[in-house]
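> Here's my sequence, what's the structure:
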Amino acid sequence: MTTGTTTMTKETILKVEHLSMKFGGLMAINDFSFEAKRGEITALIGPNGAGKTTVFNCITGFYKPTMGMITLSRSNGKELLLERLRDFEINKVAGVSRTFQNIRLFSGLTVLENLLVAQHNVLMKASGYTILGLLGLPTYKNAAKAAIEKAEYWLNKADLTDRADDPAGDLSYGAQRRLEIARAMCTSPELLCLDEPAAGLNPKESLTLNALLRDIRDEGTSLLLIEHDMSVVMEISDHVVVLEYGQKISDGTPDHVKNDPRVIAAYLGVEDDEVEEIEEKLDKGIIEEGAV
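Okay, the predicted model is just below:
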């Protein structure tokens, strides 16, 4: 604290250090480091083939990195090395949930049932793995009531309450996206990882999604997302990290990143030695700031 001014630095929830991922002779990620702060939306962006999904897969346990450390700091002060956890422990122990670019709902179940399925582990534990549930003991009854209340809460947040009893497969594409995010939130994550949540959405659906993601952040969940829709990224992100060919080329606020000549050059597809030319064009106004 300084006189007359209070400076607050948010703590780090996710620290990725010197991450590398090699597939045979291909180095998909090369010495990549970044941090995500608690209570913020961090976006990971870059041209197609930059390595964004590979980074996500390393964080969420689908891949074991060739090198590097991925540290998750839980709100209880416990630090976990994600690369040392088994894939199911990433969610169960570390509190990391994710959605996928391709929607993965149980289309034959109702909207409400999809959210209850997400709480299966909690309900099974409360049921004593069946026997307590069959006996109808208070432990299970209370857990079942709490599960329904949580599901109803996130249905309301996702603007899906009036569709609770409809099959999930009957929802519009945008509504299915919101349902998938609501389902992930029913696992009470500390870090929610979203793989292109705005893909395929129309402008109205994107605005609704933006409101939901900001609401999730404001309630205390940190978000990490991959996104190609720059209007979404620049609208909701607190922090943006840019990848190109598996390496970080920019890291900072949305305003900093969208005006970074290296980022503009990457999206325009020019070579490294042409970055200075991009800077000159920015200075002369030939390329508008925020061109990406």
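
> can you give me the strands in the protein?
12-23, 26-37, 41-45, 67-73, 79-81, 96-99, 191-195, 222-226, 239-244, 247-252 (DSSP state E).

> would you list these in JSON lines and tack on distance to Ser206, mean neighbour count and mean pLDDT?
To be clear about C-beta, it is placed using only N, CA and C from the backbone, and glycine gets the same treatment. JSON lines is the format used below for the strands of the chain (distance: least, Cβ to Cβ, whole Å; neighbours: other Cβ atoms under 10 Å; pLDDT from 0 to 100):
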{"stretch": "strand 12-23", "distance to Ser206": "25", "mean neighbour count": "18", "mean pLDDT": "97"}
{"stretch": "strand 26-37", "distance to Ser206": "22", "mean neighbour count": "18", "mean pLDDT": "96"}
{"stretch": "strand 41-45", "distance to Ser206": "14", "mean neighbour count": "25", "mean pLDDT": "97"}
{"stretch": "strand 67-73", "distance to Ser206": "29", "mean neighbour count": "18", "mean pLDDT": "98"}
{"stretch": "strand 79-81", "distance to Ser206": "33", "mean neighbour count": "13", "mean pLDDT": "97"}
{"stretch": "strand 96-99", "distance to Ser206": "16", "mean neighbour count": "23", "mean pLDDT": "95"}
{"stretch": "strand 191-195", "distance to Ser206": "13", "mean neighbour count": "24", "mean pLDDT": "96"}
{"stretch": "strand 222-226", "distance to Ser206": "13", "mean neighbour count": "24", "mean pLDDT": "97"}
{"stretch": "strand 239-244", "distance to Ser206": "17", "mean neighbour count": "24", "mean pLDDT": "96"}
{"stretch": "strand 247-252", "distance to Ser206": "23", "mean neighbour count": "18", "mean pLDDT": "96"}
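
> what would these look like in CSV with distance to His120?
Formatted as CSV, those follow (distance: least, Cβ to Cβ, whole Å):
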stretch, distance to His120
strand 12-23, 26
strand 26-37, 28
strand 41-45, 28
strand 67-73, 23
strand 79-81, 22
strand 96-99, 14
strand 191-195, 18
strand 222-226, 23
strand 239-244, 33
strand 247-252, 38
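
> closest to Thr139 out of those strands?
Thr139 sits nearest to strand 96-99 of all these, at 25.1 Å, using Cβ to Cβ.

> Quick one: residues contacting the closest residue to Ala164 other than its chain neighbours.
Once flanking residues are discounted, Ala164 sits nearest to Leu112: 4.4 Å by Cβ to Cβ, 6 or more residues apart in numbering. Contacts for Leu112 (Cβ atoms under 8 Å, 6 or more residues apart in numbering) come out as Ile148, Ala151, Glu152, Leu155, Ala164, Asp165.

> same thing but 7 Å
Ala151, Leu155, Ala164, Asp165 (Cβ atoms under 7 Å, 6 or more residues apart in numbering).
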